[in-house]
Every structure is written in C-alpha cells, then in structure tokens.
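K.L.:
based on what follows, work out the 3D shape:
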Amino acid sequence: MTDKIIDSVHWVLQQYKAIAIIVILLMVAFPLITTGVMWAERIGYFGNVYQVEHSVLQGLAAEQMDLSRQTLAVHHALMHEVITNQGLIKSGNYFQQRTCVNTANTAEEREKCLVRPLDLD
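P.N.:
You can find the predicted model right below:
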C-alpha cells in the first residue's frame, strides 16, 4: 500500500516538474512574444483600423484632387473658347469663319478657316 502512495507521489512530482518547466518557459517566452507582437504592430505588419482608414482617405483625397484638376482644366478651356468667340463676334470674323467652315469642300479648307485671325479687338 505504501508503495502505491510513494509511486503516486513520485508520479505527481514528475508531472509537477514538467508543468513547472512549461510554466517557467512560458514566463520567459511571454515578454519576448509580446515584444515581437508589439514591434510587428508598430511597423505595420498588422493593419489596424486607423491605418486602413487613413489609406482609404488618402485615396479619396487623391481622386478628389484629380477630379478638381480636370474640372478646372475644362473650365479654363471653356472660358478660353468663350473669350475667343466673343472676340470673333465683336470683330465680325465669327460669322465669316462659320460660313467658311460650312462652305469648305475639304478638311484642309476647314482647318484653314479655323485658324484664329490676328486682328482681334
């Protein structure tokens, strides 16, 4: 009977040693693992919500800037066309130009008609 008790105590001590070694290894490894995870998060290995949101907002801002530039370019082109047409109308050349374009027989003649006259007011 005492042999069984001694064997069971010996077995518990053996198990305790294995568990104690595992606990000590975890205690040593835990700071290293958490440091590695925090370092990986800091360098951006794990994409957090704020980084993803920031990149999405940067993309939207870039698209908005491109759209604004395109809109501004179209606006300037239209304003230039309006100013040019106003000058042609004031000088009377607009109607001559339109008549020339409408009566031209070839594309080369039409291009010659569309050349901006030098005598704008």
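K.L.:
could I get the buried residue list for the least confident helix or strand in the chain by mean pLDDT?
P.N.:
In the chain, no helix or strand scores lower on mean pLDDT, DSSP states H and E than helix 93-103, which sits at a mean of 82. For helix 93-103, burial by neighbour count (16 or more other Cβ atoms under 10 Å) applies to Asn93, Tyr94, Gln97. All C-beta atoms are positioned from the backbone trio N, CA, C, and that covers glycine.
K.L.:
how does this protein divide into domains?
P.N.:
As assigned by automatic domain parsing, the chain contains the domains 1-46, 54-121.
K.L.:
before we move on, back to that, any idea which of the buried residues of helix 93-103 is closest to Gln86?
P.N.:
Nearest to Gln86 among the buried residues of helix 93-103, counting by Cβ to Cβ, is Tyr94 at 8.8 Å.
K.L.:
quick check: the closest one touching Asn85?
P.N.:
Yes - if you go by Cβ atoms under 8 Å, Tyr94 and Asn85 touch, sitting 6.3 Å apart.
K.L.:
could you list the low-pLDDT ranges of the protein?
P.N.:
88, 116-121 (pLDDT under 70).
K.L.:
can you give me the helices for it?
P.N.:
Taking DSSP state H, the helices of the chain run over residues 2-42, 49-91, 93-103, 107-114.
K.L.:
give me whichever of those helices is most buried.
P.N.:
helix 93-103 (a mean of 13; mean count of other Cβ atoms under 10 Å).
K.L.:
grab the most central residue of this protein for me.
P.N.:
Residue closest to the mean C-alpha point of the chain, counted by Cα atoms, centre = their mean, is Gly59 at 2.8 Å.
K.L.:
one step back: the least confident helix or strand of the chain: how far from the chain's middle?
P.N.:
Taking Cα atoms, centre = their mean, to the nearest Å, one finds the center of helix 93-103 at 48 Å from the center of the full chain.
K.L.:
OK, contacts around Val56?
P.N.:
Counting by Cβ atoms under 8 Å, 6 or more residues apart in numbering, Val56 touches no other residue.
K.L.:
how far away is it from Tyr50?
P.N.:
Distance, Val56 to Tyr50, using Cβ to Cβ, to the nearest Å: 11 Å.
K.L.:
just Gln97 next, same as before
P.N.:
For Gln97 relative to Tyr50 (Cβ to Cβ), the value is 59 Å.
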